[in-house]
Each structure stands twice: as C-alpha cells, then as structure tokens.
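Asks: below: sequence and its predicted model.
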Amino acid sequence: MYLRYFKPVFDFTIAFVLLIALSPIFLIIYFLLLLTGIHKPFFLQERSGYKGQSFLIIKFRTMTDKRDRSGKLLPDKDRLTFIGKIIRKLSFDEIPQLINILKGDMSLIGPRPLLPRYLPYYTKKESLRHTVKPGMSGLAQINGGNTLDWDTRLALDIEYITDITFKNDCIILLKTIKMVLFSDGSCVDPRSVIKDLNDERGGDIN
C-alpha cells in the first residue's frame, strides 16, 4: 500500500517543498557556475531507473571537459573545479535531482541510479534493485555510499527493497539530512576509492 500509493505522493510533496526551500542556494550555484566559466551549469547523464529503463539524471556540473592532446578526457581529479569540490563536499550538486523526482524518474529514497553499462554485471538478486524507482539517497548512502565496495553497496540496496516502509524511508531521509549538514561520509572523487562496476567485475557476469 505504502509503496504503490503513499510513497509517490510523499516523494512529490517533499521534493516540491525542498526545491522551493533550496531555491536561493539553487540559483546562487547556477549563476556562480556561469560566472566561473561553466557555460552549461547542468550535467545530464543517462542512468538506469525503474525496470532498467534509462533516464537523464540532472546534477550541477562540477567538472570541465578538458582533454589531453589526443582528445581523451583528463582524469576526473584533473577536471574537478575548485567550486565543484565545494559543491560536491556539501552534496549541493545533487539538488537538481529534485526535478527528477517531480518528473517521476526518481524517488527520495531508493537504490542510487547507476550507469546503464553496469546492467550486465549485476547478479540476478542485485537486478532486483530495478523493481523500484531509484532514489536520491538510500540505505547504502547512509552506510558509506560510494566509499563502500560494490558487493556491500548492492547488498544494502537489496536489503532496502525487501522492507520498504514509511518509517524506514523517514529514518534514511533524516540520516541523509544529518550527513549533508555535517558533510559526513561524502567522497569528492569516488573513482579514487572504487573502480567502476564493469571494470571490477570484468567478464565475470552471474
């Protein structure tokens, strides 16, 4: 009952209120990025959502498109801007995802949406993460997020979807807010601590 009827209303209502409340920060970041040479402040990236269907996640752009002489993008740490580091540390780059929630692409709480190229590398059990909408935050995020190894992170996603309740969503939401306020557990450059899932698992597909 909660998942089917109340959760979508809860998501939309909270996302709408948060977007209004955070609109001053939203506008400050938008114009700050413009003033510092980021001509396209929004970063759009394809992610896998409900039932594995792709959608474009919206974030504030924190990196440049600088390339080497051969035209290949430089490593993330070399493209991350000074403002981008601050925005990521405060998790403000995630604010535009409230728009994704209003559009119905995402939920407030759920497994984080990952790259479509990861789809072949999930186990059968891990693929169950796509039976619900992806979230801005989730059980994995309040327990280490992108500092966790992939097996632990995906296992926490499955643990979440087996017991989706209003109480659990509220607990995760409150813990997420606490983490954001104290900048606790955030990783500015995730690729410095964990490989991409397709690189880690390689050809070992279950």
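Replies: Cool, got the structure.

Asks: CA atoms for contacts and neighbours, from now on please.
Replies: Will do.

Asks: quick check: phi and psi at the residue sitting furthest away from the middle of the chain.
Replies: For the chain, the largest distance from the centre (Cα atoms, centre = their mean) belongs to residue 69, which lies 31.3 Å off. Reported as degrees, to the nearest 10, the phi and psi values for residue 69 are phi -60, psi -20.

Asks: look up how far residue 161 lies from it.
Replies: 46 Å (Cα to Cα, to the nearest Å).

Asks: quick one: low-confidence ranges for the chain?
Replies: Applying pLDDT under 70 to the chain flags the ranges 184-193, 203-206.

Asks: ok, which stretches of it are strands?
Replies: Under the criterion DSSP state E, the chain contains strands at 42-48, 54-60, 107-109, 135-137.

Asks: so which of the ones you listed gets nearest residue 75?
Replies: When these are compared by Cα to Cα, strand 42-48 sits nearest residue 75, at 17.0 Å.

Asks: in the closest one, what counts as buried?
Replies: 42, 46-48 (16 or more other Cα atoms under 10 Å).

Asks: among the residues you listed, which two are most distant?
Replies: Once Cα to Cα is applied, the buried residues of strand 42-48 give 42 and 48 as the farthest pair, at 18.8 Å.

Asks: count of neighbours near residue 91?
Replies: 17 (other Cα atoms under 10 Å).

Asks: oh, that last question was meant for residue 5, not what I typed.
Replies: Residue 5: 9 neighbours (other Cα under 10 Å).

Asks: for it, list the residues it contacts.
Replies: Contact analysis of residue 5 by Cα atoms under 8 Å, 6 or more residues apart in numbering lists nothing.

Asks: how far away is it from residue 11?
Replies: From residue 5 to residue 11 the distance is 11 Å (Cα to Cα).

Asks: now residue 69
Replies: Residue 69 is 45 Å from residue 11, by Cα to Cα.

Asks: what of residue 178?
Replies: Counting by Cα to Cα, the gap from residue 178 to residue 11 is 19 Å.

Asks: next: residue 25.
Replies: When distance is defined by Cα to Cα, residue 25 is 21 Å away from residue 11.

Asks: give me the contact list for stretch 100-111.
Replies: 8, 11-12, 15-16, 49-50, 55, 57-58, 97, 129, 132-140, 157, 160-161, 169, 172-173.

Asks: how long is it end to end?
Replies: End-to-end distance of stretch 100-111: 14 Å, with Cα to Cα as the criterion.

Asks: quick one: buried residues of it?
Replies: Buried residues in stretch 100-111 (16+ other Cα under 10 Å): 100-102, 105-111.

Asks: mind checking which of the residues you listed are in helices?
Replies: Among those, the residues falling in helices (DSSP state H) are 100-102.

Asks: distance to residue 62 for those residues - can I get that in CSV?
Replies: Shown next, in CSV, are those (distance: Cα to Cα, whole Å):
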residue, distance to residue 62
100, 18
101, 21
102, 23
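
Asks: nearest to residue 20 among those residues?
Replies: residue 102 (12.3 Å).

Asks: coming back round to it: now the strands of the chain in CSV, with distance to residue 194?
Replies: What follows is the strands of the chain, written out as CSV (distance: least, Cα to Cα, whole Å):
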stretch, distance to residue 194
strand 42-48, 18
strand 54-60, 21
strand 107-109, 23
strand 135-137, 19
